[in-house]
Each structure stands twice: as structure tokens, then as C-alpha cells.
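Student: Structure here, sequence nowhere to be found:
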């Protein structure tokens, strides 16, 4: 009886140990069993995600040089290189301004393309960036520089930014100006042209234009005889932007007198 009891206890302990280890005894063999929960959990590794391909991207622009106030069209096309089919998702138009900044976001069309229209006010570098999808990784296009040419509209737009600035003799901005200091500042800012700080000297710069053909953004130099004493910027419709005299402020006002010359700097 004692031996029989010990044998039964030994069998019980062996069975308990086997169960606690997740093992079963089948036909004299020791077979490991997996927990049920683990069998239904998929395993996704970082290396598997990294095997997704980068999208193939082609990009085009309507023009690399545009006049101030004009728009540029940027189109990029995104294709899965493994399938040859368009990817899906969003693309961002980004411009470099002390780091990449997103200007617009668009949805990829069925052919893989997305188009943006932008009206930059100064030369800028663009790129497009794909945010990524299930079949491909995120990607970016090549960079493209869009050069914005100076124009009369750009000159006048800059002049208008300083409306209300006080006149100060000898000042060249950006918060105070005398007459030639104002024109000097605006043309340098918009065209890169360096004019002398004197109205009489400024009348010798640029291309001479007849009064009847003056255009927005042209330099106007008023004269006493042939001596230039006041400089202004033509705003169109018989008006000028200027910094008139002590006690006055930069403003747009009607032209005065008929003794002046027109010089074209853009």
C-alpha cells in the first residue's frame, strides 16, 4: 500500500510539472504547446516596415522665373516603383524660409499627380513632400528655385508698406526717409539697384522715358531748370508715392507741376 501511494503521488507531481511548463505527453514524446493568445498575434518588425519602397517622383513647374504678382504652377507625380501604379494620400507644397514651411496641402489624383498654384512675392525655393501611405514610404521631390523678377507693381507694393513714415532729412529708412532716401530704399529693396542719395544724381540712372509713356514703378524726378530737387515713384493714374518734406509723411498723392523727368529702373 505504501509503494502504491508513492507511485500515484509521483505521477501526480510529474503531470503537474508538465502542465505548468505548457507541455504534453503524447505517445511517449515531450511536445511543447504555444499559448492560445500568442498564436493569434501577428508579429510586425521595424525591418519589415523599412522594406516598403520609396515612391518614384517626377516634378515640373510652369516657369522658373516669373514677374512679381504672377502665379507659378508646380506639379508632382508619385508612383509606386514596384507596381507602376499611383500612390494615394496627401502631398505638401513646402517653401524654404529659415527651414521648410508647408504652404499648401493637396490630395493625389488617380494618375498619381497633384498640382499647386502659388504667387510668391519674392524668390523662393520649393519642394513637394509625400506624407506616406500603406504601400510606400514618405518621400520628397527635388528642390526648385523660383525667381521673382522686379516689376513696377513690386516697386509700388514696397512703397505702400511705408505709408505714414515721417520725413527726416538725410534718412534712408526703414522708418524715416527724406525724398531721395525713400526712392533709394524702395528700389534697392525691390530691384537691387543702388541709387545715390540725392535727387539730382538719381535722374541720371535708369532708362529715360517720355512723360506720356510713364508706367507704374517709374522714378519721377522733379526739376528746377535741369536740376533735380525732388524724387518720387509713379503710382499710376497721375499719382506718386513720396516722402515730401519736413513735418510730412510718406503718402500717395497727386502729381504736381510739369517739370520732371521719368526714369525706368525695372
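Tutor: That came through fine. These numbers come from a predicted model, not from an experiment.

Student: Just give the number of residues close to residue 168.
Tutor: Other residues within reach of residue 168, judged by other CB atoms under 10 Å, total 15. All C-beta atoms are positioned from the backbone trio N, CA, C, and that covers glycine.

Student: measure the residue lying closest to it once chain neighbours are set aside to residue 167 for me?
Tutor: The shortest distance from residue 168 to any non-neighbouring residue, by CB to CB, 6 or more residues apart in numbering, is to residue 176 (3.8 Å). For residue 176, the distance to residue 167 (CB to CB, to the nearest Å) stands at 7 Å.

Student: Verify the stated contact: residue 136 with residue 52.
Tutor: Yes. With contacts counted by CB atoms under 8 Å, residue 136 reaches residue 52, the gap being 5.6 Å.

Student: out of the two, which sits in the busier spot?
Tutor: residue 136 (22 against 16).

Student: Tell me who's in contact with the closest residue to that one other than its chain neighbours.
Tutor: Distance criterion CB to CB, 6+ apart; nearest residue to residue 136, sequence neighbours excluded, is residue 55 at 4.6 Å. Taking CB atoms under 8 Å, 6 or more residues apart in numbering, we find residue 55 in contact with 78-81, 87, 130, 136-137, 139.

Student: So residue 55 versus residue 202, what's the distance?
Tutor: 54 Å.

Student: got it, and residue 245?
Tutor: 17 Å.

Student: Which of those two has more residues huddled nearby?
Tutor: Each of residue 245 and residue 202 has its neighbours counted (other CB under 10 Å); residue 202 has more, 24 against 11.

Student: I'd assumed residue 180 was in contact with the more buried one.
Tutor: Yes. At 5.9 Å, residue 202 and residue 180 qualify as touching, with contact defined as CB under 8 Å.

Student: Could I get the phi/psi values of residue 122?
Tutor: phi -150, psi 160 (degrees, to the nearest 10).

Student: Settle this for me: it is touching residue 149, isn't it.
Tutor: No. Between residue 122 and residue 149 there is no contact under CB under 8 Å: 10.8 Å.

Student: Enumerate the strands of the stretch 151-266 of the chain by residue range, in sequence order.
Tutor: Using DSSP state E, counting those that start in this stretch, the strands of the stretch 151-266 of the chain run over residues 166-167, 176-177, 207-209, 219-224, 227-236, 239-242, 251-254, 260-264.

Student: Which of those sits closest to residue 115?
Tutor: Residue 115 sits nearest to strand 227-236 of all the strands of the stretch 151-266 of the chain, at 33.3 Å, using CB to CB.

Student: now that closest one and strand 219-224, what's the angle there?
Tutor: Strand 227-236 and strand 219-224 are oriented at 140 degrees to each other (axes from the mean of the first three to the mean of the last three CA atoms, to 10 degrees).

Student: what sits up against strand 227-236?
Tutor: Contact with strand 227-236 is made by 152, 155-156, 159, 179-180, 182-183, 186, 198-203, 214-223, 240-242, 244, 252, 261-262, as judged by CB under 8 Å, 6+ apart.

Student: That strand pairs with which strands, parallel or anti?
Tutor: With DSSP bridges as the test, strand 227-236 is paired with strand 219-224 (antiparallel), strand 239-242 (antiparallel).

Student: before we move on, back to that, any residues in contact with both of residue 202 and residue 180?
Tutor: Contacts common to residue 202 and residue 180, judged by CB under 8 Å, 6+ apart, are 195-196, 231.

Student: Select from those residues the one having the most neighbours.
Tutor: Counting by other CB under 10 Å, top hit in the shared contacts of residue 202 and residue 180: residue 231 with 30 neighbours.

Student: partners of it in the sheet?
Tutor: residue 221.

Student: For residue 218, see how far away it is.
Tutor: Separation of residue 231 from residue 218 (CB to CB): 11 Å.

Student: Same question for residue 209.
Tutor: Applying CB to CB to residue 209 and residue 218 gives a distance of 6 Å.
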